[in-house]
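>>> A predicted structure for the sequence below; I have some questions about it.
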Amino acid sequence: MKRIHQLQERLGEARLEALVVSRLINIRYLSGFTGTAGLLVLTPDRATFYTDGRYTDRARAELQEGIELVVDTHAWKRALSDLPTGRVGFESEHITVHQLDWIREHTADRVEWVPTRGWVEDLRIRKDPEEWATMREAQRLLEQVLGEVLGLLEPGKTTEWDLAVELEYRLKRAGAEGVSFDPIIASGAQSAIPHATSRRVPIPPNTVLLVDVGARYRGYCSDMTRTFWVGPEPPDPTFKRVYQTVREAQEAALKSLSPGLLARIPDEKAREVLRREQLEEYYTHGLGHGVGLEIHEAPRLSVFAEDHETLEPGMVVTVEPGVYLSGQFGVRIEDMVVLTETGVDNLTTFPRELQVL
């Protein structure tokens, strides 16, 4: 209930009588409910979860102690009718214009709807030790299974799609809920597309293989990218130079991470390394992003981050510089780390040295 109490305190500061939390992933974060229908209403002294009869038993089993459960076939209408008169906040980023019109119709002049932005997300940005442990396990499962899957590769026969499907299947067998996003398994020139789609084409010998994958465990995500060389011939010299430069860029960024640092600085550190090797123009995205219940969360590590965006203890972020030579190949190396009071705790243990498969 600590998270809910923090929001209840914010109600007074914003002069709101209540807050309606409608985004399901935010409801899960605050209440523990993992179903697909419901909403959470917070007042200064109460937390009430509304859902329909399909989720009665699930809600009773999952809701944190202290949250009142109301089951009604018309859960939204019941919640709106129970709202106190006055100013009520809603998650403006997650309600459509049509939905807002509908809720206004059902509250008439009794409620003044006040848009809020990022209230729950502001809490989610800093993970607690239990969340770190869950994400560490998600990463452990990912690394275990990825090692198994790479061992199945037969150049010229195994397709990108084969590896992607096998990864998802084995993650579930190992105890994960599945992948945290569609795996990116990209060989050859396809690896130069940062968000490539895994294809039903064989992975040829003597080429680059970029693997960007994640696991989901107890709701939380992991995220990792490694770039390999597929033999039997030794790696191409140009590829080796680019790989080593990207690795050095990532290392420079990792070393710079610390609480209180502007979120743009680590990206600048990576770019300095790439610039020295005249590769910065082929780095087409920011350094990283937050990870948690969603694969992409705040903060963003980017040269475009604002001055108010700083790193804080408890944030979990990716560090993933990349170089993409169109029509040739791409290289990206990505780790997932926790910001601590003194630096970082890297949740990723998979080797960063260039591996030949």
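Nice, I can see it.
>>> what sits against residue 22?
Shown in contact with residue 22 (C-beta atoms under 8 Å, 6 or more residues apart in numbering): 39, 90-91, 94-95. To be clear about C-beta, it is placed using only N, CA and C from the backbone, and glycine gets the same treatment.
>>> What about those, which one has the most neighbours?
Neighbour counts for the contacts of residue 22 (other C-beta atoms under 10 Å) peak at residue 90, which has 22 neighbours.
>>> List the buried residues in the longest helix along the chain.
The single longest helix within the chain, with elements called by DSSP state H, is helix 129-150. Using 16 or more other C-beta atoms under 10 Å as the test for burial, helix 129-150 gives 131-132, 134-146, 149-150.
>>> which strands and helices sit next to that helix?
Applying 3 or more C-beta pairs under 8 Å, 6 or more residues apart in numbering; DSSP states H and E, we find helix 129-150 packed against helix 160-174, strand 207-213, strand 215-217, strand 220-221, strand 224-230, strand 316-319, strand 335-339.
>>> Which stretches in the protein count as helices?
For the chain, applying DSSP H gives helices covering 2-13, 24-31, 56-62, 75-82, 97-105, 119-124, 129-150, 160-174, 237-256, 265-276.
>>> Residue 215 is nearest to which of those?
helix 129-150 (4.0 Å; C-beta to C-beta).
>>> now the angle from the closest one to helix 24-31?
For helix 129-150 against helix 24-31, the angle by axes from the mean of the first three to the mean of the last three C-alpha atoms, to 10 degrees is 130 degrees.
>>> pLDDT (mean, whole number) over helix 129-150?
For helix 129-150, mean pLDDT rounds to 97.
>>> partner residues bridging the closest residue to residue 20 other than its chain neighbours?
Leaving aside its chain neighbours, residue 20 sits nearest to residue 90 (5.0 Å; criterion: C-beta to C-beta, 6 or more residues apart in numbering). Residues in a beta bridge with residue 90, per DSSP bridges, are residue 20, residue 115.
>>> so residue 90 touches residue 117, yeah?
No: with contact taken as C-beta atoms under 8 Å, residue 90 and residue 117 are classed as non-touching, separated by 10.3 Å.
>>> coming back round to it: let me have the helices of the chain in a markdown table, extended by distance to residue 284.
Supplementary listing: the helices of the chain in a markdown table, determined by distance: least, C-beta to C-beta, whole Å:
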| stretch | distance to residue 284 |
| --- | --- |
| helix 2-13 | 36 |
| helix 24-31 | 28 |
| helix 56-62 | 41 |
| helix 75-82 | 42 |
| helix 97-105 | 34 |
| helix 119-124 | 26 |
| helix 129-150 | 25 |
| helix 160-174 | 21 |
| helix 237-256 | 13 |
| helix 265-276 | 11 |
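>>> contact partners of the one helix or strand in the chain whose mean pLDDT sits lowest?
Least confident helix or strand, the chain: helix 97-105 with a mean of 92, by mean pLDDT, DSSP states H and E. Residues from elsewhere that reach helix 97-105 (C-beta under 8 Å, 6+ apart): 76, 80, 90, 95, 111, 113.
>>> Among those, which one lies nearest to residue 329?
Once C-beta to C-beta is applied, the member of the contacts of helix 97-105 that ends up nearest residue 329 is residue 95, at 43.5 Å.
>>> quick one: contacts for that closest one?
22, 103.
>>> Tell me how far it lies from residue 4.
Residue 95 sits at a distance of 20 Å from residue 4 (criterion: C-beta to C-beta, to the nearest Å).
>>> Unless I'm misreading it, residue 127 sits right up against residue 314, doesn't it?
Yes: Residue 127 sits in contact with residue 314 when judged by C-beta under 8 Å, with a separation of 5.2 Å.
>>> Show me which of those two is the more surrounded one.
residue 127 (23 against 17).
>>> middle-most residue in this structure, spatially?
The C-alpha lying nearest the average C-alpha coordinate of the chain belongs to residue 295 (C-alpha atoms, centre = their mean; 1.9 Å).
>>> List the residues that contact it.
With C-beta under 8 Å, 6+ apart, residue 295 has these contacts: 180-181, 214, 221, 223.
>>> about what we covered before: of the contacts of residue 22, closest to residue 14?
residue 90 (12.2 Å).
>>> Contact partners for the closest one?
19-20, 22, 100, 103, 113-116.
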